[in-house]
Structures are given as structure tokens and as C-alpha cells.
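Undergrad: Curious how this folds, go ahead:
(chains A and B)
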Amino acid sequence: MNAKAIVVTSGKGGVGKTTTTANVGAALAQLGEKVAVIDTDVGLRNLDVVMGLEGRVVFDIIDVFERRCKLKQALIRDKRVDSLYLLAASQTKDKSSLSEGQMKAVVKALIEREGFDRVLIDSPAGIESGFQTAASAAQGALVVVNPEVSSVRDADRIIGLLEAREIDEVKLVINRIRPEMVKRGDMLEVEDVLEILGVKLIGIVPEDEKILVSTNIGNPASLDNGVKAGAGSAFRNIARRLRGDEVPYLSLDSGGGFLASLRRLFGGS
Amino acid sequence: MRARGTRGGILLSLDSGDTLENLPDTLNDHQHLLENNIVIEIGDAVSWPVIDLIVQKVASVGGTVLEVRPPPILSQARGETVIVAKTIRSGGRVESSGSVVVLGDVNAGAEIIANDDVIVVGILRGVAHAGANGNENAVIWARQILSPQLRIGDALAQASGIDKTSGGPEVAHLQDGQIVLRPW
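TA: Reported below is the predicted structural model:
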């Protein structure tokens, strides 16, 4: 993606925006980019917890907006990857404290003055002012969707709103897919989701218990390079595709082995 | 002249072929029809003496002329067709006083409302309402119809009540007040 400022959004809550922001942000930083992740969910902040930086938040984005601190002071450097920074949301304010003008100014300053290669903006759920502010500063978007009807419908609505904002680089992250359920036909297939939404895919992330653990202990799973499967590795692949690398997509085959893959190769099911 | 029975009486449709020469015979032949409440519809140019003749004849046999009016089809102005050259996503709404043509899909959660036809070149998953002002000849056409609900005129059909067709192009229209879906 050419966009430097990318909003991570979904419409529906609980589909994995914050997890995606933290993991893709961490993976991008590990690939050598200088990355800022911004939490815009003012009043319901989570990104600091997921990244394990909760204890180090002193100033937040509202402090920057209201000039109680300098932008640099509010940027929290990650302990594990030193090119990864967090700009936290305020927990004690609400979304009326955010303004599009200030948001744009902060993102511009991060890229032009502080030399960030990439700014990931974690949007709150919904289509109201919180989302609008988060999207206002972005040139690209990662839309996170779960393979279920209500999530796809909300993503569709969000993509329409992003198009209305002329954010043209919109990529889809299909999160929490369960291969065995897809196989049984109990879950929407990747092709169904792509057909309905009509935007380009950038990653398929499997449902993974390890994500829950890594979220709780505040250590993004994508940082664990030793693990070659599961959600962590899927998020790493998203980061690589985002940088323009060709990475093959995750095989959803959870069983069946070689013969089943051969059959699929020749068009069987 | 054509005569048609309606709920309120008799509807006489006149056009420029009705003249003072040929009309008296016709009226005399069907005198019993004129002993009613009469509505006169004028298709094109009809001279005033012709109308006057009918009014006098109706009065002489004990009927009443209630109204002289243009036919309903001409009185309805055709609205403009709205063409949308993209997919309509959830939350999108397109309205037209004429027809709506969508060069893309209509996704679930979107609404298309037209006084005439709704034509969707892609897949229709949202709600479509054709003939929204009561035009019962309006149709809904799409490459595939997967909507939970279709409306034509005052009629409404839910997905479970519509017989599914092959998955190819389909058209929905009104038949005896019911919405029917058939392959196109």
C-alpha cells in the first residue's frame, strides 16, 4: 500500500480492529519501518493494553490536541521493537474531544516532522464521529471483517463511507476464520465475503486461542517470529503484503492432507 | 367511443374519431348505458359540441355526467431515469420519480425506490421497491435476485414467499396483486 496513514476500521465492534492494529503495527516495525499506532477510541481505550504499554501512558492524544504536552512526549516507544510507537487515547474524555482538523495535523506532523514511515489509526466501532475523525487523516484503510453476515454488512457500510471520503486504497482483512466451520458450510467463505464487498484482500487470519493470551499479557503475537502458523504469522504476512511483498495466502485446509489439496488443485471440492 | 363499466358507473372514452355525424347512432344504440353516473375520458382533441351532445343525451335519459377528464396514463408525468454506475453498499439509498438503473450490485442494507422499474445489472441483495407511487406495471429486474424483501406497488414479498429460480437473470412483476419472480 502506498498510503502512509492507514485507518483500521470495521463498523461492527469486537471483530479485531485493535488486535489487527497492534499486530500489523508491530510486524511492520519489525520489518524495519518506523511505525506509530494511534488509538482513537477515546473513552474506551484498549490499544495500550493489547500492546502491553498501559503502565507507561502519561500523556494521550487529547493532551496533544489541547496542547498540554508536545507530540513527542505523548509517543510511547515500545520496549520490544524500538521503531514502534503508541499514541494512546484518553480514557477519561469522550469522542466529542476529537476533531478532524487536529487529527489531520497530528498525523501530518508524525509523517513529515517525526519521520514516521507508517501511521496506523485504530478506529472505534460505529459510523459516527469517532470513526469519521479516525478516517479523516487516512489515505488508506484496512477493513477488518469476520466471516459472518452482520460483520460483512457493517463492513459494506464502512467501505461506502470510506469511498465517500475518497480513501481509495481499501484492503480487506478477514479475521477469525475457522477452517473446519467453513468446510462444514457453517461459515461464510472467503470468496463469498470478497464477492459481496468487492475490495481487495490483504490477509486471512485464522481464529487462534493464542491471540487471546497474547492480548491479555500485552504481547502482540506477530512479534513471535518462531511461530510459523496461526494468527501471529497471518498478521506478519499482512504487514509484508502491505509493503508490497508477494506472500501466498494461508491454506484453509485443516485436514484431508495431500490428496484433498490435489483435488482442490484440479477444481474438485 | 368506447364504454366500460366501472364501480361508480360507466366510463366513456372518446377520441378524435368521434364526431357529430357518427356519435348520435352509437348513443341511441346504447341508450340504456347512459342511465347511469357517467365519467367521460378524452383521449385527444374532441370538439366541444361532441361533449355537449353526450351531456344532453345523458341528461335526457336520466343519467348524470360526473366528470370530464384526460385518461390517467397521460396525466402521469414520467419521471427521469436515475443511472448509478457503481455498486450501492449498505446504507445507500437511491430514489427516482422514474426508473432506477444500477450498473453494479445492490448490497444488503441498501434501498432502491423507483416510481417505475428497478433494473440491477449485478446482484440485488438489498430492498427494491418498484412502482412506489402505485404503478402496477413496474418490474424489478436483476442478474440475480437475493433480496430478503421485494415491493411492487402496494404488494410486498418476503424471500421465503418467493419461489427461487435458477440463479440466472430474474424479473419480478405483479400478477393478480401478488409478486411473482420468474427467470428472464
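Undergrad: interface residues of the stretch 151-269 of chain A facing chain B?
TA: Taking C-beta under 8 Å from any C-beta of the partner chain, the part of the stretch 151-269 of chain A that reaches chain B is made up of A:R153, A:D154, A:D156, A:R157, A:I159, A:G160, A:L161, A:E163, A:I196, A:G198. Heads up, the C-betas are built off the backbone N, CA and C, glycines and all.
Undergrad: With respect to A:S136, which of those is nearest?
TA: Of all these, the one with the least separation from A:S136 (C-beta to C-beta) is A:L161, at 11.3 Å.
Undergrad: would the closest one count as being in a helix?
TA: Yes - applying DSSP: H, G, I helix; E, B strand; the rest coil, one finds A:L161 inside a helix.
Undergrad: Skipping its backbone neighbours, what lies nearest it in space?
TA: Ranked by C-beta to C-beta, 6 or more residues apart in numbering or on different chains and with sequence neighbours excluded, the top spatial neighbour of A:L161 is A:I127, at 6.0 Å.
Undergrad: low-scoring stretches of the chain, by residue?
TA: Since you didn't name a chain, this refers to chain A. Low-confidence segments of chain A (pLDDT under 70): A:250-269.
Undergrad: should've been chain B
TA: Within chain B, the stretches with pLDDT under 70 are B:72-78, B:160-166.
Undergrad: please redo it, this time with the cut-off set to 90
TA: Scanning chain B for pLDDT under 90 picks out B:1-37, B:39-53, B:56-57, B:61-80, B:134, B:148, B:157-168, B:177, B:181-184.
Undergrad: what residues go with each domain of it?
TA: Domain assignment for chain B, taken from automatic domain parsing, gives B:2-69, B:82-183.
Undergrad: Deepest-packed of those, please.
TA: With neighbours taken as mean count of other C-beta atoms under 10 Å in any protein chain shown, those reach their highest mean count in domain B:82-183, at a mean of 19.
Undergrad: Could you tell me which residues of chain B lie near chain A?
TA: Residues of chain B lying close to chain A by C-beta under 8 Å from any C-beta are B:T87, B:R89, B:S90, B:G91, B:G92, B:D105, B:N107, B:A108, B:G109, B:R125.
Undergrad: Check the gap between the residue found closest to the second one once you drop the neighbours it is linked to in the chain and B:V121 for me.
TA: Put plainly, it is B:R89. In space, B:R89 comes closest to A:G160 once its chain neighbours are excluded; the distance is 3.5 Å by C-beta to C-beta, 6+ apart. Look at A:G160 and B:V121: by C-beta to C-beta, to the nearest Å, they are 18 Å apart.
Undergrad: Helices along the chain, start to end?
TA: No chain was given, so I picked chain A. Secondary structure of chain A (DSSP state H): helices at A:17-30, A:47-50, A:61-65, A:71-74, A:100-108, A:129-136, A:149-164, A:179-184, A:190-197, A:209-217, A:230-242, A:257-265.
Undergrad: Hmm, no, I was thinking of chain B.
TA: Using DSSP H, helices in chain B cover B:23-29, B:48-61, B:72-75.
Undergrad: returning to that earlier point: based on its surroundings, how many neighbours for the residue nearest to A:L161?
TA: Look at A:I127: counted by other C-beta atoms under 10 Å in any protein chain shown, it has 17 neighbours.
Undergrad: Please list all residues in contact with it.
TA: A:G11, A:R157, A:I158, A:L161, B:G91 (C-beta atoms under 8 Å, 6 or more residues apart in numbering or on different chains).
Undergrad: Distance to B:Q178 added to the residues you listed, as a markdown table?
TA: Output for those, formatted as a markdown table (distance: C-beta to C-beta, whole Å):
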| residue | distance to B:Q178 |
| --- | --- |
| A:G11 | 36 |
| A:R157 | 32 |
| A:I158 | 37 |
| A:L161 | 37 |
| B:G91 | 30 |
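Undergrad: Any idea which of the domains of chain B gets closest to A:F65?
TA: domain B:82-183 (29.2 Å).
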